[in-house]
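> pasting the sequence and the predicted coordinates here, then a few questions.
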Amino acid sequence: MDRRTKAQAQPRSSGWKNSSTALGLTLLFAVCIFCAWVLIEKVAFDRYSTWDDEGYFVLIVRQFLKNGGLYVKTFSQYGPFYTLAESSLHRLFGLPVDLDGGRILTVGYILGSATLLSVFVGRLTRELTLGLACFTLTVISAAPMLEEPGHPHGIIVSLIAVALCLSLLVGTRHETAALVLLGAVGAALALTKINNGLFFCFALALPLTAVMAKAVFRPLLLGLLVILSLAMPPALMSAHLKGWAGSFCLYMLISFAALFIAAFQSMVRSAFRPIEIAYPITGFVMTAVLILAYALLTGSTPASLVSGIVTRTLGQPNLFYAPFEISAGKLSLLLLPVVAIAAASLARRKGAEFDVALAVVKVAVALIAAAAFLWDPDRAMFYSLPLLPLLLLSAGSASTGAAGMFSRLFLVSLIDFEMLQAYPVINTHHIALTPAGAWICLMLYDGWSGLAVLPTLRLRWPYTGGRAALEWLCLVLAVPVFSFYLYSAPTELGGRVLHHREIVMRWLKGQPIPQRSPRLDLPGARLLHMPAAEGSIYRRVAEEVHANCDTLFTMPGMGSLNVWSETPPPNGFNLTAWMEGFTAPEQEAIRTKLEQADRPCVVYNPELVKFWLPPGLHLDAKAPMVEYVLQDTKTVFAAGDYEIRVPYNRGAPFTK
């Protein structure tokens, strides 16, 4: 081929490559926009959880904005930063403190954390396509938060995403500020949910010591960190260790073993000085002092802060827990990644063979994890925790600098440690796995880059080249989000595909296609859609309460009914499972308020009471409010499982 032919051929190849890249990016942008639209339009306002944690969160913020006094006048199971952040954001954006406002804010948390994590991936890889793919995966993994809008999980996920972005600044001229802010994030997490803050501190300590310059006490710090980390699961789960939590504890120990083995292999030389550990500690202490001072200024007392942040939290495993067991067979299989990672240090000395094997394994694991993640995000990634440290292993011909390794190690350790918050309610584990989309994208990037640079395996794709092929592979990861466009949060992809097939077949046969549920159209829930039969029950109950009651208490806690009926609760002490969560004096104070009201009402749902009672426990019939509801009131109206009850001695009549 002469020079003229080569000159003519080159632009054509570049044109194909540029067109392919532009088309891939355009489609990925379209997927991200579509994903955000689906989250807002189809998911955020098309489901309502009958256990009604959502109403509880609304009442916390309402009462705090009205009277302050966290833990004194306003009951909360969560730290003061939660009420500070939620009330501030509602004021800042002018959002109503109701179900609609809470759902809008939760959507903001999801999209904000997805954007931050996509920036995290894009900054580490310099690949826009991987950042866009990460956005899609993050939205899918975080969307289950909309089962409980207003939950502190929204704040927690956002803080985790902020922390990962801050980790990118370690090793730069902004390192000091980044470390101080990382400590501040730890304090905010601890004063939102103290367990999440504790796990965050452990997750941050590992990369800090791993990239630290050699010091006399560095081995001591690492040894202490390993010992405390391995002791944490059994100490945390001691209340149920002989039961269902035993297998979960063993699972976490296996995951930590894989994490520490990979972390020790991936340590790099760094100029990170031991004294710099003081920066995150300073940020933690200063932020904690400011938050606690804010709580004291708004009406809390030192004793109430200790009780609300620490004492009551220690009792949570006995009040809320969902048994979950992993079979012995699955636990034994989870040992395989640990053995493989431990053996990797020997394989690295063999050079090219290890490079090829590691690159292939990373690509394969990333694709399999992505497929499983999209198929069932609530469970699939849960079992792959011991595989996460594969990201820390690098080929013999490649090296990752201290800054890059800090961010990667922080990502993996953060997912590992935050998984502990799945105890005692296993359904909350998806919060820890929200950054898993970033892990998938980084694994794919590492593996694909490793294959592309190998002289014997250089990938040459027609018209595109290896990089464009990677971009299209990212699109393949993102496209399944279209299955997400149904009426509920994205769960099993297969079920969604079958549902879509049913819709298409009905359309081809000329049969009517199921329409979206109607709006509930009650105060505070104008945007919420709900099946007609279910909505009719809530509407009738809310209307009767609004017409006949000036104070409403619910058993169990169903704060949404207070919002929908525009009827206040007796005081600021509201909780879903108050039957076991409130002390006798706290219940007595509520009873006194009801007895003093002119037109008090109680809404009682016996089926939901059973839902909230832990297995093996029964209602204490002598508890003040339980006795009041079951013995001192009578049913005057019923709809579905909901009963409106009024005291026998109520003077005002109840008109239907």
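Yep, it's here. Residues are numbered from 1 along each chain as shown.

> please count neighbours and contacts with C-alpha atoms only from this point.
Will do.

> contacts for stretch 169-188, please.
With contact meaning CA atoms under 8 Å, 6 or more residues apart in numbering, stretch 169-188 is reached by 81, 159-160, 163, 166-167, 197-198, 200-201, 272, 276, 279-288, 402-403, 406.

> all strands of the stretch 251-400 of the chain, in order?
Secondary structure of the stretch 251-400 of the chain, counting by DSSP state E, counting those that start in this stretch: no strands present.

> report the contact partners of the most centrally placed residue in the chain.
Most central in the chain under CA atoms, centre = their mean is Ile431, positioned 2.1 Å from the mean C-alpha point. By CA under 8 Å, 6+ apart, the contact set of Ile431 is 142, 145, 153, 157.

> check contacts around the last one.
Right, Val157. Neighbouring residues of Val157 by CA under 8 Å, 6+ apart: 109-110, 113, 431-432, 434.

> and the helix or strand where it lies, which residues are buried?
Following DSSP states H and E, one finds Val157 within helix 153-167. By neighbour count, with 16 or more other CA atoms under 10 Å as the criterion, the buried positions of helix 153-167 are 153-167.

> of all those, which comes closest to Val363?
Leu164 (22.9 Å; CA to CA).

> report the helix or strand with the lowest average pLDDT across the chain.
The helix or strand of the chain with the lowest confidence, counting by mean pLDDT, DSSP states H and E, is helix 493-508 at a mean of 52.

> out of the contacts of stretch 169-188, which are buried?
Among those, the ones that count as buried by 16+ other CA under 10 Å are 81, 159-160, 163, 166-167, 197-198, 200-201, 272, 279-284, 287-288, 402-403, 406.

> inside helices: which ones of the residues you listed?
Using DSSP state H, 81, 159-160, 163, 166-167, 197-198, 200-201, 279-284, 287-288, 402-403, 406 are the members of those that sit in helices.

> now Pro531: phi and psi?
Dihedral pair for Pro531: phi -50, psi 140, per degrees, to the nearest 10.

> ok, it - contacts?
With contacts taken as CA under 8 Å, 6+ apart, Pro531 has the following neighbours: 517-518.

> ok, now Arg540?
Taking CA under 8 Å, 6+ apart, we find Arg540 in contact with Ala639.

> pLDDT score assigned to it?
Turning to Arg540, the model gives it a pLDDT of 95.

> state the distance from it to Ala533.
Remark: distance between Arg540 and Ala533 (CA to CA, to the nearest Å) = 11 Å.

> my read is that Thr576 contacts Phe57, right?
No - counting by CA atoms under 8 Å, Thr576 sits too far from Phe57 to count as a contact (9.9 Å).

> who has more neighbours, the two?
Here Thr576 and Phe57 are set side by side on neighbour count (other CA atoms under 10 Å), and the busier one is Phe57, at 27 against 23.

> so that one is in which element?
helix 53-67.

> one more: Ala638?
Element membership for Ala638, per DSSP H and E: strand 633-639.

> helix/strand/coil for Leu575?
The assignment at Leu575 comes out as coil when based on DSSP: H, G, I helix; E, B strand; the rest coil.

> which parts of stretch 300-318 are buried?
By 16+ other CA under 10 Å, the buried positions in stretch 300-318 come out as 300-301, 304-305, 308-310, 313, 317.

> stretch 39-52: how far from the chain's middle?
Between the mean C-alpha point of stretch 39-52 and the mean C-alpha point of its chain there is a distance of 16 Å (CA atoms, centre = their mean, to the nearest Å).

> same check on stretch 408-428?
On CA atoms, centre = their mean, the centre of stretch 408-428 falls 10 Å from the chain's centre.

> where does the stretch 551-656 of the chain have low pLDDT?
The stretch 551-656 of the chain contains residues with pLDDT under 70 at 614-617.

> what does the stretch 301-450 of the chain give?
By pLDDT under 70, the weakly predicted segments of the stretch 301-450 of the chain are 317-325, 345-354, 373-382, 395-403, 427-429.

> where exactly do the helices run in it?
In order along the chain, the stretch 301-450 of the chain carries the following helices (DSSP state H, counting those that start in this stretch): 302-306, 312-314, 316-319, 328-333, 335-347, 352-375, 402-418, 436-452.

> for the fifth one, name the packing helices and strands.
Pointing back at helix 335-347 there. Here helix 335-347 is seen to pack against helix 245-265 when contacts are counted using 3 or more CA pairs under 8 Å, 6 or more residues apart in numbering; DSSP states H and E.

> now the helix it packs on: buried residues?
Residues of helix 245-265 classed as buried by neighbour count (16+ other CA under 10 Å): 245-263, 265.
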